[in-house]
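A.B. asks: quick check, what structure comes out for this input:
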Amino acid sequence: MNVSFAEDMRRIDESVVNDYGLPAAVLMENAGRRTAEEAAAMIGGAADKVFAVFAGGGNNGGDAFAAARHLMNMGARVKLFFSGEEDRLGTAARAMHDAVRAMGVEIRPLVSDRDWDRLRVSLRFSDAVVDGILGTGVKGELRTPVVRLIEEINTAGKPVLAIDVPSGVEANTGRISSIAVRANRTLALGLPKVGHLLGAGANAAGQLLVDDIGIPHALLAGETLRQSLITRETAAKLLPVRARDVHKGTCGRILVLAGSLGMTGAAALAAEAALRVGAGLVTLAVPERLYPVLAAKLTEVMVVPIPDEGTGCFGGGKALEAALACAAHADAVLIGPGLGRKAETGEFVRLFAADVKVPLVMDADAIDAFRGHLDALRELPQVPILTPHLGEFSLLLGKDTAEVENDLLGVAREAARMHQAVFVIKSACTIVVYPDGDAFFTTCGNAGMATAGMGDVLAGAIAGLMQQMESGMTPLVGVYVHGRAGDIAYEHCGNGLVAGDVLELLPVALKELG
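C.D. replies: Numbering: from 1, shown residues only. Next up, the predicted model:
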């Protein structure tokens, strides 16, 4: 499924009218009907229930007027509030406004103190709220009356269904400038929006539902849309069926360079994750001071000591020579988990990456090694896959984290293009961004995965898939399988799950793909 910006959906809506000959009112009617159905489902039915419906002056308000009419037909009582101006309603929205009024529903303004008193009373005795105040066009600070209205809705504590986007959320970024409706569910019309998935907008949206509202699927699947969801179907199509005559050599020889004093766990998790997604042979190269610990800990992974002159970290000419010798026998390389951030380690990473010709995944401290050395990143002989979290990504680019978060997708696209790298940016909704601008959003993962070691498992999973499929697509399957394993673990462990739980369930998630 594609993901849209606000302007994408406007173009699609225009095409429905101009190219398919469907009046805008048809889409609005469909949106209103589906909104009413989902609002009723949210509280177990509509009959004899009271719904407070809030309509603004745009098309979102027209959807709300239509929803109010359908709720009435379903046996509900509707308290309808209008925060816009009648003479500024568009043709379709005006038709929905007039139709619901003709049914005898009072459309209440929000002007006087008495109007606001009636609003509070209605909210107190309502069973649910439908938010149709603002649509996808909102940007910047909200007007004071709208802020006040959203505050009243949030304070009431009633179940809320938002139409398309929660009012106050910027559809293109997920940014909230001042305040936004806190929805229990959001019904995305046509396609999910970027703002449903990223930043504060994801929290405001609650459970995300999507309905095509009758838009021709050819428009929703259009190639001009450069954002998509990573679904089970996406991952299954990308992962080939394994032939019966494969052997460990054909399933991928993966080299992992990881670990430093105090960080042996990161190295172990990453190496084992590569095996757990089906890599044929995994070699873990570690500073020689760590070798006894990891050689004893790991059974299926081959552990190789790298000269470290007693420091317990990577660095120096001998280490580089030994690491490159290991890489000469690998089909893909992962470097970074638990490396540490000593100056000599950073230099080691940059020199190593510049000499490696096979697909390269860089995580954690390996990414930090290029902070202040972005020219070296651009000059690497391959298109590397970088797996930073938001903080690491911001540090790499020398930007403030809040600045990056306000337009994460835009910043990531520019970084991928400029530095010719694939970025897997880990957050509540992990995104994968390619140098050509294509971007993908995960559909799996949960709050229980906010714990140490998850990134090591993800990086290992991506590296482990390298020889099993087209290497450039491994981030998509790796992100999906990692998130799905996390969701399975969450069912049993809740917020107490650890990275090792996800590691053990990677094969289960992979098997689900067929």
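A.B. asks: and the helix or strand hosting residue 94, what's buried?
C.D. replies: Assigned by DSSP states H and E, residue 94 falls within helix 91-102. By neighbour count with 16 or more other Cβ atoms under 10 Å, helix 91-102 contains the buried residues 92, 93, 94, 95, 96, 97, 99, 100. C-betas here are computed from N, CA, C, even on glycine.
A.B. asks: with pLDDT added, can I get those residues in a markdown table?
C.D. replies: Output for the buried residues of helix 91-102, formatted as a markdown table (pLDDT from 0 to 100):
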| residue | pLDDT |
| --- | --- |
| 92 | 98 |
| 93 | 98 |
| 94 | 98 |
| 95 | 98 |
| 96 | 98 |
| 97 | 98 |
| 99 | 98 |
| 100 | 98 |
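A.B. asks: out of these, flag the one nearest to residue 44.
C.D. replies: residue 100 (23.7 Å; Cβ to Cβ).
A.B. asks: okay but that closest one is in contact with residue 69, surely?
C.D. replies: Yes. With contact defined as Cβ atoms under 8 Å, residue 100 counts as touching residue 69 (4.5 Å).
A.B. asks: measure how buried residue 75 is and give me the count.
C.D. replies: By other Cβ atoms under 10 Å, 12 other residues sit near residue 75.
A.B. asks: mind listing what the residue nearest to it when sequence neighbours are not counted touches?
C.D. replies: With sequence-adjacent residues excluded and distances taken as Cβ to Cβ, 6 or more residues apart in numbering, residue 75 is closest to residue 47, at 3.7 Å. Applying Cβ atoms under 8 Å, 6 or more residues apart in numbering, we find residue 47 in contact with 74, 75, 76.
A.B. asks: wait, the last one touches residue 43, no?
C.D. replies: Pointing back at residue 76 there. No. Applying Cβ under 8 Å, one finds residue 76 not in contact with residue 43, separated by 9.9 Å.
A.B. asks: overlap of the contact sets of those two?
C.D. replies: Applying Cβ under 8 Å, 6+ apart, one finds that residue 76 and residue 43 are jointly contacted by residue 49.
A.B. asks: ok, these two, which is more surrounded?
C.D. replies: residue 76 (23 against 16).
A.B. asks: wait, residue 500 sits on residue 454?
C.D. replies: No. With contact defined as Cβ under 8 Å, residue 500 does not reach residue 454; the gap is 10.4 Å.
A.B. asks: okay, those two: which has more neighbours?
C.D. replies: Looking at residue 500 and residue 454 with other Cβ under 10 Å, you find the greater number of neighbours at residue 454, namely 23 against 15.
A.B. asks: just the contacts of residue 47 now: which is nearest residue 133?
C.D. replies: For those, the nearest to residue 133 is residue 76 (19.5 Å; Cβ to Cβ).
A.B. asks: so what's that closest one closest to, chain neighbours aside?
C.D. replies: Here the residue nearest residue 76, using Cβ to Cβ, 6+ apart, is residue 46, at 4.1 Å.
A.B. asks: quick revisit: helix or strand next in line after the helix holding residue 94, which one?
C.D. replies: strand 107-109.
A.B. asks: in that next one, what's buried?
C.D. replies: residue 107.
A.B. asks: quick one: list the elements packing against that strand.
C.D. replies: strand 77-82, helix 91-102, helix 113-124 (3 or more Cβ pairs under 8 Å, 6 or more residues apart in numbering; DSSP states H and E).
A.B. asks: neighbouring strands of that strand in the sheet, and parallel or not?
C.D. replies: Note on strand 107-109: by DSSP bridges, its sheet partners are strand 77-82 (parallel).
A.B. asks: tell me the centre residue of this protein?
C.D. replies: residue 429 (2.6 Å; Cα atoms, centre = their mean).
A.B. asks: check contacts around that residue.
C.D. replies: Counted by Cβ under 8 Å, 6+ apart, residue 429 has contacts 197, 198, 202, 441, 442, 445.
A.B. asks: what about the third one, is that helix, strand or coil?
C.D. replies: When classified by DSSP: H, G, I helix; E, B strand; the rest coil, residue 202 comes out as helix.
A.B. asks: for it, give me its contacts.
C.D. replies: With Cβ under 8 Å, 6+ apart, residue 202 has these contacts: 174, 196, 428, 429.
A.B. asks: list phi and psi for residue 168.
C.D. replies: The phi/psi pair for residue 168 (degrees, to the nearest 10) reads phi 110, psi -10.
A.B. asks: now it. Nearest residue, chain neighbours left out?
C.D. replies: That would be residue 180: by Cβ to Cβ, 6+ apart, it lies 3.0 Å from residue 168.
A.B. asks: wasn't the one you found part of a strand?
C.D. replies: No. Per three-state DSSP, residue 180 lies outside any strand segment and is coil.
A.B. asks: count of neighbours near it?
C.D. replies: For residue 180, using other Cβ under 10 Å, the count is 28.
A.B. asks: show me the contacts for it.
C.D. replies: 150, 166, 167, 168, 169, 200, 201, 204.
A.B. asks: same thing but 6 Å
C.D. replies: Residues near residue 180 by Cβ atoms under 6 Å, 6 or more residues apart in numbering: 166, 168, 169, 204.
A.B. asks: in three-state terms, label the closest residue to residue 354 other than its chain neighbours for me.
C.D. replies: Of all residues not flanking residue 354 in the chain, residue 380 sits nearest, at 6.2 Å (Cβ to Cβ, 6+ apart). On the three-state scheme (three-state DSSP), residue 380 is labelled coil.
A.B. asks: could you check the pLDDT of residue 380?
C.D. replies: Looking at residue 380, its pLDDT stands at 98.
A.B. asks: does residue 362 count as helix, strand or coil?
C.D. replies: Residue 362 is classified as strand under three-state DSSP.
A.B. asks: equivalent analysis for the one 10 residues further on, please.
C.D. replies: Under the three-state scheme (three-state DSSP), the conformation of residue 372 reads as coil.
A.B. asks: please apply the same query to residue 54.
C.D. replies: On the basis of three-state DSSP, residue 54 is classed as strand.
A.B. asks: quick check: it touching residue 133?
C.D. replies: Yes. Contact criterion Cβ atoms under 6 Å: residue 54 and residue 133 qualify, at 5.1 Å.
A.B. asks: what helix or strand does residue 432 sit in?
C.D. replies: Using DSSP H and E, residue 432 falls in strand 431-433.
A.B. asks: partners of the helix or strand following that strand, with directions?
C.D. replies: Under the assignment DSSP H and E, the closest C-terminal helix or strand after strand 431-433 is strand 439-442. Strand 439-442 has its sheet partners listed here by DSSP bridges as strand 227-230 (parallel), strand 431-433 (antiparallel).
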